[in-house]
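Enquirer: here is a sequence with its predicted model. Questions after.
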Amino acid sequence: MAAKSNTARRERERKSLPGPTSTPAVAGAPKLDRLIHERLRLGILSALSVNQSLTFSDLKKLLDTSDGNLSVHARKLEEAAYVACTKSFEGRVPRTEYRLTASGRRALERYLNHMEALIQAMRDK
């Protein structure tokens with residue numbers, strides 16, 4: 001039963017991502033990209049926006065997270081085509097490297113513009 005409910009939950013998440021939420025935070029404002037809004041995914045995109053690429057180990061240290069947590073969130077970003085993942089070996093050691101895609105950079109810029117607009121709206125009140 002638990003596997004069925006997890007599958008249903010993942011399917012609902014998959015259908016809702018990537019993309020904006022259904023409820024705008026401010027009337028008339030663009031919808032918030034829920035895929036990026038999650039803390040760890042925002043961290044991944046932010047780190048990649050200022051680095052040409054980062055390895056899995058680099059991201060794990062930088063974001064102070066576990067292997068499993070980073071893997072799940074990086075995969076969501078990869079499925080949305082926001083990040084590209086390259087796997088290789090250095091000797092016998094696997095190496096996973098991530099880079100921000102053009103669509104990921106545009107999505108991050110939209111997200112940041114939206115957040116800046118929300119901050120400005122709050123300051124104007």
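Expert: Arrived safely, thanks for sending. Numbering: from 1, shown residues only.
Enquirer: can you tell me how far the residue nearest to the spatial centre of the chain is from residue 94?
Expert: The chain has residue 41 as the residue nearest its centroid, 3.2 Å off, counting by Cα atoms, centre = their mean. Residue 41 sits at a distance of 23 Å from residue 94 (criterion: Cβ to Cβ, to the nearest Å). Bear in mind the C-beta positions are built from the backbone N, C-alpha and C, glycine included.
Enquirer: quick check: longest helix of the protein.
Expert: Assignment by DSSP state H gives helix 102-124 as the longest helix of the chain.
Enquirer: what about that one, distance to the chain center?
Expert: Centroid separation for helix 102-124 versus its chain: 14 Å, with Cα atoms, centre = their mean, to the nearest Å.
Enquirer: what comes up buried for stretch 34-42?
Expert: Buried residues in stretch 34-42, defined by neighbour count with 16 or more other Cβ atoms under 10 Å: 34, 35, 36, 40, 41, 42.
Enquirer: looking at those, which one is closest to residue 106?
Expert: Nearest to residue 106 among the buried residues of stretch 34-42 is residue 36, at 11.2 Å by Cβ to Cβ.
Enquirer: you'd agree that closest one is up against residue 43?
Expert: No - contact between residue 36 and residue 43 fails when scored by Cβ atoms under 8 Å: they sit 10.3 Å apart.
Enquirer: which regions of the protein sit below the pLDDT cut-off?
Expert: Counting by pLDDT under 70, the chain shows low-confidence ranges at 1-30.
Enquirer: quick one, strands of the protein?
Expert: Using DSSP state E, the strands assigned to the chain run over residues 54-55, 83-90, 93-100.
Enquirer: mean neighbour count and distance to residue 108 added to those strands, as TSV?
Expert: What follows is those, written out as TSV (neighbours: other Cβ atoms under 10 Å; distance: least, Cβ to Cβ, whole Å):
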stretch	mean neighbour count	distance to residue 108
strand 54-55	18	15
strand 83-90	12	10
strand 93-100	16	7
